[in-house]
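Visitor: fold the following for me, if possible:
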Amino acid sequence: MARRDEQKRPASPASVTDPSAVLEPLLSRRSVVVGAALAVGASVMQGMAAPVPQARPTPPIVPDGPVPDPTTVLGRLPNELGVRSQFEKAKRRPSNTSSQSPLDDLYGAITPSELHFERHHGGVAVVDPATYTLLIHGLVERPMIFTLDDLKRFPSASRICFLECAGNMARGAKEETRAQQVCGLTSQSEWTGVMLSTLFKEVGVRPDASWFLAEGQDAAVMSRSIPLEKAFDDAMIVYAQNGEAIRPEQGYPARLLLPGWEGNTNVKWLRRLELSTRPFMTREETSKYTEAIKGDKARQFSFVIDARSIITSPTYPGRVEKGWIEIRGIAWSGRGKIRRAELSFDEGKSWVAATLQAPVLSKAHTRFRHLYEWDGTEVTVMSRAVDETGYVQPTVRELVDARGPGSGPYHLNPITGWRFRPDGSVTFRTEKWA
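Guide: Take a look at the predicted model:
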């Protein structure tokens, strides 16, 4: 199945329609009817069918003036790629190294691929799928090189799970902070690929192997050491996301997927797996992604994402009105399923259970909702998650007490909340970390 010969590059794809092209000025309803009648008449006279109009895409442009009655204008014809409505404004919030997913603008459990968060260490790598290879070597019986076509020949598997950056928390956030800015470096997709255990059985893992190195081919050559037992649990090499090839910013054409583990271990643009008896102590697991804790110690290889939650509606900069409000949010845990999502309306003195929205999957974002009658007085609404292991999402104070005031910036998962002001405005519940 594995091949070492050079793959032939495919011919250049045929030219596609310019996505910026637009339809000619729309005809009036009367001219459409008259024109259609003349076309049919001409085709009958000539003994041939009327020509079928060619579909061309229309860019998502919001009209300057009032939107015309859609029953009076000809709509866009079918095109090659669908586009979001021009009236929908959800977008990621980019920085030099990442783009945050708009949690407060999303519905359901799946994040659209174009809105999945990004986190890069050397920019987005461009990898030709025709020349892509994955080398598996080290403590194996049969070192092999797999092409992308080789990977796709193995039995495929799909699973829905979240990904989250280990540094996904805005400490010291101000009141004018959106949910996207609080912890927008988490997203969820349906991933499709081959189980890593299948590939390791193909190469024959030696009994003395206990770790493997996952190495990417971006400019940073992102590399992480992974315990071998994760490979035989639920690790995958994925090449598809939400029914299509994974996006370049998500590691096209193939990446490592470690459900429930911190994002940087899910190495993108994967090119090499090397098996060994010990961790490789790469830059990204020594000087980075290792956090100081109290007692002059450091916590290393803290792979698993702890349970957490966030209310995604109502949030800043939204507003609320007196009466019944549906409070919505997401909860997730790298240890398994969410058992409960709870809300507090008295600064954490008491908690009520929210309703979990199906499906409730392991290591996946789970939607929750709760009907609340607001009387117009100031109130703070907070959320916390409890997973199936019994782990309870902590407060900021509990995190600081457990790890020390100088800990972080990784694996911070405190309870967060929002304040409903008497004027109906909603602001983030600020809190000191010191």
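Visitor: going forward, measure contacts between C-alpha atoms and count neighbours the same way
Guide: OK.
Visitor: then the strand or helix carrying Tyr372 to CSV, C-alphas only?
Guide: Assigned by DSSP states H and E, Tyr372 falls within strand 366-374. Backbone C-alpha positions of strand 366-374 (Å, rounded to 0.1, in the frame of the first residue of the first chain) are rendered in CSV as follows:
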residue,chain,number,x,y,z
THR,A,366,-22.7,20.3,24.0
ARG,A,367,-25.3,23.0,23.7
PHE,A,368,-27.3,24.0,26.8
ARG,A,369,-30.3,26.3,27.3
HIS,A,370,-32.4,27.7,30.1
LEU,A,371,-35.5,29.9,30.3
TYR,A,372,-35.1,32.8,32.7
GLU,A,373,-37.6,35.5,33.6
TRP,A,374,-35.7,38.8,34.0
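Visitor: residue boundaries of the helices in the stretch 51-200 of the chain?
Guide: Read by DSSP state H, counting those that start in this stretch, the stretch 51-200 of the chain holds these helices, from start to end of the chain: 148-153, 179-183, 196-203.
Visitor: returning to what we had before: so what's the gap between the following helix or strand past the strand holding Tyr372 and the chain middle?
Guide: Downstream of strand 366-374, the next assigned helix or strand under DSSP H and E is strand 379-387. Here strand 379-387 is found 22 Å from its chain centre; the criterion is C-alpha atoms, centre = their mean, to the nearest Å.
Visitor: buried set for the next helix or strand after strand 379-387?
Guide: Next helix or strand after strand 379-387 toward the C-terminus (DSSP H and E): helix 396-403. Of the residues in helix 396-403, 396-397, 399-400, 403 count as buried by neighbour count, 16 or more other C-alpha atoms under 10 Å.
Visitor: what's the answer for stretch 423-434, then?
Guide: For stretch 423-434, the neighbour count (16+ other C-alpha under 10 Å) marks 424-430 as buried.
Visitor: same question, stretch 81-99
Guide: 91-93, 98-99.
Visitor: quick check: end-to-end length of it?
Guide: This stretch, stretch 81-99, spans 23 Å end to end (C-alpha to C-alpha, to the nearest Å).
Visitor: got the helices of the stretch 51-200 of the chain as TSV, with mean pLDDT columns?
Guide: TSV is the format used below for the helices of the stretch 51-200 of the chain (pLDDT from 0 to 100):
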stretch	mean pLDDT
helix 148-153	98
helix 179-183	97
helix 196-203	98
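Visitor: out of the ones you listed, which is closest to Pro314?
Guide: Closest of the helices of the stretch 51-200 of the chain to Pro314 is helix 179-183, at 9.7 Å (criterion: C-alpha to C-alpha).
Visitor: so which elements touch the closest one?
Guide: Packing partners of helix 179-183 (3 or more C-alpha pairs under 8 Å, 6 or more residues apart in numbering; DSSP states H and E): strand 98-100, strand 308-313.
Visitor: tell me which of the ones you listed is the most buried.
Guide: When you average the neighbours per residue for each of the helices and strands packed on helix 179-183 (mean count of other C-alpha atoms under 10 Å), strand 308-313 leads with a mean of 26.
Visitor: take the buried residues of stretch 81-99 and write them to CSV, including distance to Gly167 and pLDDT.
Guide: Formatted as CSV, those follow (distance: C-alpha to C-alpha, whole Å; pLDDT from 0 to 100):
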residue, distance to Gly167, pLDDT
Lys91, 21, 95
Arg92, 17, 96
Arg93, 16, 93
Ser98, 11, 95
Ser99, 13, 96
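Visitor: farthest pair in those residues?
Guide: Comparing all pairs in these by C-alpha to C-alpha, the longest separation belongs to Lys91 and Ser98, at 13.1 Å.
Visitor: want to throw the helices and strands packed on helix 179-183 into TSV with distance to Arg278?
Guide: Formatted as TSV, the helices and strands packed on helix 179-183 follow (distance: least, C-alpha to C-alpha, whole Å):
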stretch	distance to Arg278
strand 98-100	31
strand 308-313	31
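Visitor: let me see the contact set for the nearest residue to Glu190 once chain neighbours are set aside.
Guide: In space, and not counting its chain neighbours, Glu190 is closest to Ile160: 4.3 Å by C-alpha to C-alpha, 6 or more residues apart in numbering. Residues in contact with Ile160 (C-alpha atoms under 8 Å, 6 or more residues apart in numbering) are 188-191, 361, 364.
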